[in-house]
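Student: this one's sequence-less:
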């Protein structure tokens, strides 16, 4: 597992208060991990800070799962 | 009575009237208060009356580029923000049939659009710290309407609706969003009224007197305090009974 994935998982676990094992590639923040729409905004804010990147709104909308976040951020910090 | 020690506040329209009293009352309760307004010398007077160190952040809220610099400047000066009081407002009264586009736009820009921008800017910090108090100074006119003030009434009612919608969104993050709707408050403007105008106004107020800016400020201190943590999306009418809604 990449470093990016570990850092993203840590944020998701802390923010949504879920077990790390549940944070898998296809896990949807809202459907599987119990996030509401505001949690999702906060996650994006946390990603932006952790990786010092700016995630525009239309890109943020595409980040629905853990895998989406990892692949977006891997490219963004690439 | 309500302790705001350690809290950091930004008050717009702090150069005079209600805004100045709100800034003074928040500071007296222990908060550090950044003062914004258009007239620097008046803001300096407010700071002098407060007697503590208050960052002075002049801004013309009809210019969005100035609006959008205000919250970052306040956060930089105070190390964050716990309380935002959207107090700045202006009137451009005219009968509806005569109201010019500019009169409408100018009032909506300062009273509502600037409040939207400032509120949006404070949310990130408040969400992260899981605490925030956002207070909009509306008006009884926003609740009841008033002849000659279609623009002002729309802006003040808009503030109430905006704050209610936001209150839903951020309540779970420890942020409360409320409005205060003052009635007739004694000010330089009401001092100019003649005896007849004065009597006609007073006859519509059960308390039979004008309110004071201090009474509005006390309400703002209460809503800013931990004691009011379970009040959100509310509009507190401070009007001597002239509109009981």
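Tutor: Cool, got the structure. All of these numbers come straight from a predicted model, not from anything done at the bench.
Student: What strand or helix carries residue 41?
Tutor: Unless you meant another one, I'm taking chain A. Using DSSP states H and E, residue A:41 sits in helix A:37-51.
Student: think we crossed wires, I meant chain B
Tutor: Assigned by DSSP H and E, residue B:41 falls in helix B:40-50.
Student: Now do the buried residues in that helix.
Tutor: Buried residues in helix B:40-50, counted by 16 or more other CB atoms under 10 Å in any protein chain shown: B:42, B:43, B:46, B:47, B:50. Every residue, glycine included, has its C-beta placed from N, CA and C.
Student: now the following helix or strand past that helix, how far from the centre of its chain.
Tutor: Downstream of helix B:40-50, the next assigned helix or strand under DSSP H and E is strand B:56-58. Offset of strand B:56-58 from its chain centre (CA atoms, centre = their mean, to the nearest Å): 16 Å.
Student: hmm, who's touching the next helix or strand after strand B:56-58?
Tutor: Counting by DSSP H and E, the element after strand B:56-58 in chain order, helix or strand, is helix B:64-78. Outside helix B:64-78, the residues within contact range by CB atoms under 8 Å, 6 or more residues apart in numbering or on different chains are B:8, B:10, B:12, B:32, B:34, B:36, B:55, B:57, B:59-61, B:81, B:84, B:113-114, B:117-118, B:121-122, B:125.
Student: Near chain A, which residues of chain B are found?
Tutor: Taking CB under 8 Å from any CB of the partner chain as the criterion, the neighbours of chain A within chain B are B:124, B:127, B:128, B:169, B:170, B:172, B:173.
Student: which of the residues you listed count as buried?
Tutor: By 16+ other CB under 10 Å, these give B:127, B:169, B:170, B:173 as buried.
Student: Flag every residue of chain A that's near chain B.
Tutor: Counting by CB under 8 Å from any CB, chain A comes close to chain B at A:38, A:42, A:45.
Student: Tabulate these in a markdown table, adding columns for neighbour count and pLDDT.
Tutor: Below are the residues of chain A next to chain B laid out as a markdown table (neighbours: other CB atoms under 10 Å in any protein chain shown; pLDDT from 0 to 100):
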| residue | neighbour count | pLDDT |
| --- | --- | --- |
| A:38 | 13 | 92 |
| A:42 | 19 | 93 |
| A:45 | 17 | 93 |
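Student: would you list the residues you listed in CSV and tack on distance to residue B:243?
Tutor: Listed next are the residues of chain A next to chain B as CSV, based on distance: CB to CB, whole Å:
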residue, distance to residue B:243
A:38, 34
A:42, 38
A:45, 40
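Student: What count of nearby residues applies to residue B:35?
Tutor: 29 (other CB atoms under 10 Å in any protein chain shown).
Student: cool, residue B:75 as well?
Tutor: Residue B:75 has 18 neighbours, counted by other CB under 10 Å.
Student: That's all I had, so thanks and see you.
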